[in-house]
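Colleague: With the sequence up front, the predicted model follows.
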Amino acid sequence: MFGYVLPLTAELKVREWHAYRAYYCGLCKELKREYGFLSRFLLNYDLVLPALLADGMAGTQARMCPERCMANPVEKRPMCQSTAGLALAADALVLTVYYKLADDLADERFFKCLPALALWPFLSRMRKKAAARRPALDETLREQTAAQQALERRASKNADEAADPTARMTAALFRLAAPGSRALERMGLFVGKIIYYLDAAEDYEKDTRNGAYNVFALQGLSKAEAVAEAQRLCRMCAGEAALAYNLLEPGPCKAILDNIVFLGLPQSIALAGQKRTQPRHGA
Amino acid sequence: MDAYKVLGLTEGATEEEIKTAYRALAQKYNPDNYEAGPLREEAEAKMTELNEAFDALMGAIRTGTPVSSGRAASAGGPEPDTGAAANGRYRAIRQMINSGAVEQALAELNAIQGGANDAEWNFLVGSAYYYKGWVADALRYFQTACRLAPGNREYEAALRNLQNSAGGAMPGNPYGNNGMAGAQAVGCSCCDMCTAMMCMDMCCGCGRGGC
């Protein structure tokens, strides 16, 4: 829920950390503004990256204003006002959560997500609005969710094949962040694969217990072997993501983006398979 | 094109600064890293822009005399295996891969009998998977290609790039490829400074003079 695509905060300058947090808070505010109060529970760090990239490549300097946080109501904090990047991230977040839930329901695993299930009627309504704004992304997510279900039904043991739908979904999202940038789209492809593999490594035990699809389990790997394999695959993908990222003009937030790509991703990869029970950053 | 912006410098940069900036960026846009993949044209465009900016700035410093320096060679694209006879069918498949028709290329390759024993076949299958982003499969096929044709520079470069990434290397890493360790290695920590002060105090009365 909290995300794998994060900066390594220890290596951020304080002002960079504040700027990153302002974007995260800005995303929360955007969700509340566009999709209502309950949508904030869907908040995820992973979507901050495409927001930063979209605005960075467009050369947008986000405006910050002090506002109150629902989780920390005592003091006001600088938060990003709405930008094109945040609008995209909010729409994409709603769509990805909707399709993830729809996938879970189809697998009859819904009894595991009761809290999320309570959001379902709201989520359907939110999804309609998001889909109207981003029809191509909605279509890609629908297609790729079906593709994911198909490969799980035939119990594919190929890690690349298993990660492909997630990769294509993330690539489609990054494509919207800067239309025409093949490098950005390719970066999205590999970021999606990293998210898939880290997720599969973290969920290894849960999946084997519930009889749910897990590509590493199907390859006959133990938990430790699964984590090692996930890390190997993720490192290759991180290298490829870096290659694509190097061809971009990241804009004013370059320092934060460099940190996420070259420090944050390797950090998340190094922590593969470990349960993260709470966000690593103060809310 | 703002030559200073391309090199990430401000006006008044010295020749040394320009050369250092050039070297760092040339490493980032190194065509070797992009030769086998779909971003080759984008990388070449960046390299060309970098070379033009470098020439402009160096020319300005040397008052109009154009400078040729050790610029990174801009690769024209993946060269066919120079040792083997150019196979027409493989050449067509390379075109397909380079233009992004990856599924078509894979279909053609799978239709070739006995391809699995041929180095170039394995390399092309690997390249097609690499274009798709299926790096695990690409790595396997590159390994086979290198095993079947040891010494082939094109295959070895493709394999080496993926193996380096698998080992944690990230091209163009501004923190150095030791990651956090690299970042921390730069500069003194408070502990370093304190220790140095204590040593100085013991050895030479903290700079007051002789033993």
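Modeller: Cool, the structure landed. Numbers count the residues shown, from 1 in each chain, chains lettered A, B, ... in the order given.

Colleague: can you give me the strands for chain A?
Modeller: Listed in chain order, the strands of chain A (DSSP state E) span residues A:64-67, A:77-80.

Colleague: pLDDT below threshold where in the chain?
Modeller: Unless you meant another one, I'm taking chain A. By pLDDT under 70, the low-scoring segments of chain A are A:1-2, A:107-116, A:276-283.

Colleague: should've been chain B
Modeller: For chain B, the stretches flagged by pLDDT under 70 are B:63-86, B:177-194, B:196, B:204-211.

Colleague: Quickly list the domain ranges of it.
Modeller: Partitioning chain B according to automatic domain parsing yields domains covering residues B:3-61, B:88-166.

Colleague: Could you work out which of those reaches nearest to chain A?
Modeller: In terms of Cβ to the nearest Cβ, the element of the domains of chain B nearest to chain A is domain B:88-166, at 2.6 Å. C-beta coordinates here come from the backbone N, C-alpha and C atoms, glycine included.

Colleague: Would you work out how far apart the start and end of that closest one are?
Modeller: End-to-end distance of domain B:88-166 (Cα to Cα, to the nearest Å): 33 Å.

Colleague: In CSV, list the domains of chain B along with distance to residue A:142 and mean neighbour count.
Modeller: CSV is the format used below for the domains of chain B (distance: least, Cβ to Cβ, whole Å; neighbours: other Cβ atoms under 10 Å in any protein chain shown):
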stretch, distance to residue A:142, mean neighbour count
domain B:3-61, 25, 17
domain B:88-166, 21, 19
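
Colleague: now those as CSV including distance to residue A:105?
Modeller: Formatted as CSV, the domains of chain B follow (distance: least, Cβ to Cβ, whole Å):
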stretch, distance to residue A:105
domain B:3-61, 36
domain B:88-166, 29
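
Colleague: Please tell me I have it right and residue A:216 contacts residue A:203.
Modeller: No - at 9.7 Å, residue A:216 and residue A:203 do not qualify as touching, with contact defined as Cβ atoms under 8 Å.

Colleague: Can you tell me the closest non-neighbouring residue to the residue in the stretch 1-150 of chain A that chain B sits nearest to?
Modeller: Closest to chain B within the stretch 1-150 of chain A is residue A:11: 5.9 Å, counting by Cβ to the nearest Cβ. Of all residues not flanking residue A:11 in the chain, residue A:263 sits nearest, at 5.4 Å (Cβ to Cβ, 6 or more residues apart in numbering or on different chains).

Colleague: likewise residue B:96?
Modeller: With sequence-adjacent residues excluded and distances taken as Cβ to Cβ, 6+ apart, residue B:96 is closest to residue B:105, at 4.1 Å.

Colleague: Verify the stated contact: the one you found with residue B:91.
Modeller: No - counting by Cβ under 8 Å, residue B:105 does not reach residue B:91; the two are 11.8 Å apart.

Colleague: hey, what's in contact with both of the two?
Modeller: Here residue B:105 and residue B:91 share no contacting residue, scored by Cβ atoms under 8 Å, 6 or more residues apart in numbering or on different chains.

Colleague: Point out the residues in chain B that sit beside chain A.
Modeller: B:28-29, B:33-34, B:37-39, B:42-43, B:46, B:129, B:132-137, B:139, B:161-162, B:164-175, B:179-180, B:183 (Cβ under 8 Å from any Cβ of the partner chain).

Colleague: Can you name the residues of the stretch 51-200 of chain A that neighbour chain B?
Modeller: With Cβ under 8 Å from any Cβ as the criterion, the stretch 51-200 of chain A meets chain B at residues A:158, A:159, A:160, A:161, A:164, A:167, A:182, A:183, A:186, A:189, A:190, A:193.

Colleague: now for these, which pair is the farthest apart?
Modeller: Taking Cβ to Cβ, the two most distant members of these are A:158 and A:183; they sit 26.1 Å apart.

Colleague: neighbour count winner among the two?
Modeller: Using other Cβ atoms under 10 Å in any protein chain shown as the criterion, residue A:158 and residue A:183 rank with residue A:183 on top: 21 against 15.

Colleague: thought that one was touching residue B:42?
Modeller: Yes - with contact defined as Cβ under 8 Å, residue A:183 reaches residue B:42; the gap is 5.3 Å.

Colleague: Now do the shared contacts for the two.
Modeller: Common neighbours of residue A:183 and residue B:42 (criterion: Cβ under 8 Å, 6+ apart): residue A:247.

Colleague: Tell me who's in contact with residue A:34.
Modeller: With contact set as Cβ under 8 Å, 6+ apart, residue A:34 has these partners: A:87, A:90, A:91, A:129.

Colleague: Could you check how many residues crowd around the first one?
Modeller: Pointing back at residue A:87 there. Neighbours of residue A:87 (other Cβ under 10 Å): 18.

Colleague: Can you tell me, leaving aside adjacent residues, what's nearest to residue 52?
Modeller: In the absence of a named chain, chain A is used. Ranked by Cβ to Cβ, 6+ apart and with sequence neighbours excluded, the top spatial neighbour of residue A:52 is residue A:253, at 5.0 Å.

Colleague: wrong one, chain B
Modeller: Nearest to residue B:52 is residue B:1, by Cβ to Cβ, 6+ apart, at 6.5 Å.

Colleague: Next: residue A:177.
Modeller: Here the residue nearest residue A:177, using Cβ to Cβ, 6+ apart, is residue A:54, at 3.7 Å.

Colleague: do the same with residue A:50
Modeller: Nearest residue to residue A:50 in three dimensions, chain neighbours excluded: residue A:177, at 4.9 Å (Cβ to Cβ, 6+ apart).

Colleague: most remote residue from chain A's center?
Modeller: Distance to the chain centre peaks in chain A at residue A:74, reaching 28.9 Å (criterion: Cα atoms, centre = their mean).

Colleague: Look up how far residue A:68 lies from it.
Modeller: The gap separating residue A:74 from residue A:68 is 9 Å, by Cβ to Cβ, to the nearest Å.

Colleague: ok, now residue A:77?
Modeller: Distance from residue A:77 to residue A:68, by Cβ to Cβ: 8 Å.

Colleague: still on that earlier bit, could I get the contacting residues of the residue nearest to residue B:96?
Modeller: Counting by Cβ under 8 Å, 6+ apart, residue B:105 touches B:93, B:96, B:97, B:124, B:128.

Colleague: Give me the subset of those lying in helices.
Modeller: Residues of the contacts of residue B:105 located in helices (DSSP state H): B:93, B:96, B:97, B:124, B:128.

Colleague: OK, contacts around the closest residue to residue A:225 other than its chain neighbours?
Modeller: Residue nearest to residue A:225 in three dimensions, not counting chain neighbours: residue A:216, with 7.6 Å by Cβ to Cβ, 6+ apart. Applying Cβ under 8 Å, 6+ apart to residue A:216 gives the contacts A:159, A:200, A:201, A:204, A:225, A:226, A:229, A:230.

Colleague: Can you tell me how far residue B:62 is from chain A?
Modeller: For residue B:62, the distance to chain A equals 28 Å [Cβ to the nearest Cβ, to the nearest Å].

Colleague: Quick one: neighbours of that residue, just the number.
Modeller: 11.

Colleague: was I right about residue A:245 contacting residue A:261?
Modeller: Yes - Residue A:245 lies in contact with residue A:261 (Cβ under 8 Å); the separation is 5.2 Å.

Colleague: re the thing from before, just the buried ones out of the residues of the stretch 51-200 of chain A next to chain B, please.
Modeller: Buried by 16 or more other Cβ atoms under 10 Å in any protein chain shown: A:159, A:160, A:161, A:164, A:167, A:183, A:186, A:189, A:190, A:193, out of those.
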